[in-house]
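> Below are the sequence and a predicted model for it; my questions follow.
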Amino acid sequence: MVQPTGDIAPGAFVEIRDRENRAMGFGLYNPRSEIALRVIGSSAEPPDLRSLLDIRLREAIALRTEVLRLPERTDAWRVLHSEGDGASGLIVDRYASVLVVEPFSLGWVVHRDLVEAALRAAFPGETLSIVWRADRTAAAREGIQLPPESPASPVDIREGTLTFRIRPGEGHKTGFFLDQRDARAWVGARARGRRVLDAFCYSGGFALSACAGGASSAVGVDLDEEALTLARANARRNGLEATFVHADVFEYLRAPGDPFGLVVLDPSKQAKVREEIPRALRAYHDMAGLAARRIAPGGLLVAASCSGLVEEEAFGAAVREGVRAAGRRLQEIGASGAAPDHPVAGNCPESRYLKVLFARLLPV
């Protein structure tokens, strides 16, 4: 249990000591949060937040540039991934010349000037805009209040041979699903000659990757009209032909239609609190069953869950049972998680939130 000494302001950077008063490290404190203390550094590291953040950014950027070599393939990548990069509660995504900061801890907002200074120093010689956005659930839980900002101008990002226009800090995530980069590549590599459905398509990432990979046709379905407008513009920008439909995915899948050779199911978070897990699993089960009925024999299914509270085994079981109930046989041919610029800390396996199942469907 966290026991503060003295009157400590919410969001303060504090020293951490054990019961015997031995130094353990440093962190950000917020008494109103479910995670009252977020550990940022050990007792062997510098005792100031700016120095610690400089170290974390240097380590994180080296992973993306020297190990993953992401700038060779894209100019949109996660710079800092919370616990995975030793900066608990802080997300930073790069979209070309724009950095989007998403704080999940009040402390980072309290130290906003320091965060921005460290980010600019981490990219010397570059002129970068910095945009802040807060997840509503996290903001309510942490007591985060960000000052109003003018919407950031749209920016073009590249991913492989494709270009996407996104709105930094707006829409889902921080503007784009960076975590599904590798899954989009998987779909693009297997789409040739197939009729592809990108369910919950948002700005068209999977549909356009399929088109670029030689799909015979691609359909994207979503209820977000603004996202569909962006998806259509992205198709034109890349000289690709895809159809984008404003509809409820469940209703679309229930309607009669020609079979697909590849279906992607990538819904938004289905369980934000533990009480929603049973409902989320039913949704995964139902959408997998509906999709199975629309997939041609030998066709492919990509099913994803970004609900961290839903365990991988439970998610897989829901998908498998949904396909079985539809009278189809499922062959699992792969599984993955978030792209590697979303690393998982060894001491925080709970941060492995994204689950992606790749399968082939056959007659029973």
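Now that the structure is in, tell me what you want to look at.

> nearest residue to Arg158 other than its sequence neighbours?
Residue nearest to Arg158 in three dimensions, not counting chain neighbours: Asp75, with 5.6 Å by Cβ to Cβ, 6 or more residues apart in numbering. Just so you know, the C-beta spots here come from the backbone N, C-alpha and C atoms, and that holds for glycine as well.

> And for Glu226?
Gly171 (7.5 Å).

> cool, and Thr74?
Spatially, and ignoring its direct neighbours in sequence, Thr74 is nearest to Glu159 (4.7 Å; Cβ to Cβ, 6+ apart).

> Tell me how many other residues surround the residue nearest to Glu226.
Neighbours of Gly171 under the rule other Cβ atoms under 10 Å: 18.

> quick one: pLDDT of it?
Note for Gly171: predicted pLDDT of 84.

> residue contacts, it?
202-203, 224, 226-227 (Cβ atoms under 8 Å, 6 or more residues apart in numbering).

> who's Leu28 bridged to?
When assigned by DSSP bridges, Leu28 has beta-bridge partners Phe13, Arg38.

> does it really touch Gly11, like I thought?
Yes. Between Leu28 and Gly11 there is a contact under Cβ atoms under 8 Å: 6.6 Å.

> which residues do the two both contact?
105-107.

> right, and out of those, which lies closest to Arg184?
Ser105 (30.0 Å; Cβ to Cβ).

> so how far is Leu106 from the spatially closest residue to the closest one that is not a sequence neighbour?
For Ser105, the nearest residue in space outside its immediate sequence neighbours is Gly89; the separation is 2.9 Å by Cβ to Cβ, 6+ apart. Computed as Cβ to Cβ, to the nearest Å, the Gly89 to Leu106 distance reads 8 Å.

> Looking at the two, which one has more neighbours?
Between Gly89 and Leu106, counting by other Cβ under 10 Å, Leu106 is the more crowded of the two (27 against 23).

> Which of Leu28 and Gly11 has more residues huddled nearby?
Relative neighbour count places Leu28 above the other of Leu28 and Gly11, with 27 against 21, counting by other Cβ under 10 Å.

> Next, the contact list for that one, please.
By Cβ under 8 Å, 6+ apart, Leu28 lies in contact with 11-14, 37-38, 40, 49, 88-89, 105-108.

> number of nearby residues for the residue nearest to Arg158?
When counting by other Cβ under 10 Å, one arrives at 15 neighbours for Asp75.

> Would you check how far apart it and Glu251 are?
According to Cβ to Cβ, Asp75 and Glu251 sit 37 Å apart.

> what does Val356 give?
Between Val356 and Glu251 the computed distance is 24 Å (Cβ to Cβ).

> ok, now Gly25?
Separation of Gly25 from Glu251 (Cβ to Cβ): 52 Å.

> And the helices in the protein?
With DSSP state H as the criterion, the chain has helices at 49-62, 106-110, 112-122, 136-142, 181-190, 205-212, 225-237, 249-254, 277-293, 312-325.

> Need the winner for burial among those.
helix 205-212 (a mean of 28; mean count of other Cβ atoms under 10 Å).

> Run through the neighbouring helices and strands of that helix.
When contacts are defined as 3 or more Cβ pairs under 8 Å, 6 or more residues apart in numbering; DSSP states H and E, helix 205-212 packs onto strand 162-166, helix 181-190, strand 195-199, strand 217-222, helix 225-237.

> Would you mark the buried spots in stretch 32-46?
33, 35, 37-41 (16 or more other Cβ atoms under 10 Å).

> Stretch 296-314 too?
In terms of neighbour count (16+ other Cβ under 10 Å), stretch 296-314 has its buried residues at 299-307, 309-310, 314.

> Show the end-to-end separation of it, please.
In stretch 296-314, first residue to last residue: 26 Å (Cα to Cα, to the nearest Å).

> Likewise for stretch 37-51?
The first and last residues of stretch 37-51 sit 19 Å apart, counting by Cα to Cα.

> Could you tell me the least trusted of the helices of the chain?
helix 136-142 (a mean of 90).

> from the chain's centre, how far out does it sit?
Here helix 136-142 is found 18 Å from its chain centre; the criterion is Cα atoms, centre = their mean, to the nearest Å.

> For burial, what's the neighbour tally of the nearest residue to Gly193 once chain neighbours are set aside?
Distances taken as Cβ to Cβ, 6+ apart put Ser216 closest to Gly193, at 5.6 Å, once the chain neighbours are dropped. Counted by other Cβ under 10 Å, the residues lying close to Ser216 total 13.

> now swap in the one 4 residues further on and tell me
By the criterion of other Cβ under 10 Å, Gly220 has 29 neighbours.

> same deal with the one 4 residues further on?
Neighbours of Asp224 under the rule other Cβ under 10 Å: 17.

> For the nearest residue to it once chain neighbours are set aside, what are phi and psi?
Using Cβ to Cβ, 6+ apart and skipping the chain neighbours, the partner closest in space to Asp224 is Tyr202 (6.9 Å). With angles defined as degrees, to the nearest 10, Tyr202 sits at phi 50, psi -120.
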